[in-house]
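>>> Below are the sequence and a predicted model; questions follow.
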Amino acid sequence: DADAFKIVSASSDLQVRIWSALAPFKCLQIVVGHTRSVLCVHKPPGAFFVTGSSDCEVKVWKIIGTSFKPVKRVICRHSMLGHCCAVTAVQMSAAEVVSGGADGKIIIWSADDGTRLRTMEAHKGSVMVLRFDVIKIISGGSDQTIATHDMATGSKLQTLHGHNGAVIALEFDQSKIVSA
């Protein structure tokens, strides 16, 4: 799968760059679609990726290419407005896009048509990082907490305390959460 050999980066220069993950690691495409700094990006397996920006927008992009030319063009599939301030964290799956903002809110969107499905109050400061699976969403915030939400209902399950600074990275599996 040619999509497995791409790196997607985002920058304060408004650019999203798609790179070859194989030597010579060259830039294959520059994408401009946000009007302010692009703060976060997530590229799951496949042709799609998602970005979040200081312009308060979440965008879902599709990479169109062939085996001979892995990136012919990139199209914006959805532009989603729902955050009232910067989008600071994004992740997507085949069915959903989940975004977190500087307002402490998490929004679940349909990856298929870009409609907003649920909005949750997660943190008393910015959402710095989020991860999700089919059961739950786990986020870290500038308020030094980790919040867990039920994916299906949006209900807050618990708030974990213990960090003495913003939670800026986390991963989880079925039995534990690792955070920094």
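In hand now; what should we look at? Residues are numbered from 1 along each chain as shown.

>>> next one: the one helix or strand Q91 maps to to chain centre, how far?
Element membership for Q91 (DSSP states H and E) is strand 87-92. Here strand 87-92 shows a centroid-to-chain-centroid distance of 3 Å under the convention CA atoms, centre = their mean, to the nearest Å.

>>> so what does that strand touch, helix or strand wise?
Applying 3 or more CB pairs under 8 Å, 6 or more residues apart in numbering; DSSP states H and E, one finds that strand 87-92 contacts strand 38-42, strand 48-53, strand 57-64, strand 96-101, strand 127-132. Just so you know, the C-beta spots here come from the backbone N, C-alpha and C atoms, and that holds for glycine as well.

>>> Switch the ones you listed over to CSV; also include mean pLDDT.
Formatted as CSV, the helices and strands packed on strand 87-92 follow (pLDDT from 0 to 100):
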stretch, mean pLDDT
strand 38-42, 98
strand 48-53, 98
strand 57-64, 97
strand 96-101, 98
strand 127-132, 98
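
>>> burial measure for S54, as a count.
Neighbours of S54 under the rule other CB atoms under 10 Å: 18.

>>> Assign the closest residue to it other than its chain neighbours to helix, strand or coil.
Nearest residue to S54 in three dimensions, chain neighbours excluded: R36, at 3.7 Å (CB to CB, 6 or more residues apart in numbering). Classification of R36 using DSSP: H, G, I helix; E, B strand; the rest coil returns coil.

>>> any idea how far R36 lies from A86?
8 Å (CB to CB, to the nearest Å).

>>> what's the overlap in contacts for those two?
S53, S54 (CB atoms under 8 Å, 6 or more residues apart in numbering).

>>> The two: which has the busier surroundings?
Between R36 and A86, counted using other CB under 10 Å, A86 has the larger neighbour count: 19 against 13.

>>> low-confidence ranges in this protein?
Residue ranges of the chain with pLDDT under 70: 1-4.

>>> again, 90 this time
1-5, 21-24, 66-70 (pLDDT under 90).

>>> Specify the residue positioned farthest from the middle of it.
Using CA atoms, centre = their mean, the residue of the chain lying farthest from its centre is F68. It sits 28.7 Å away.
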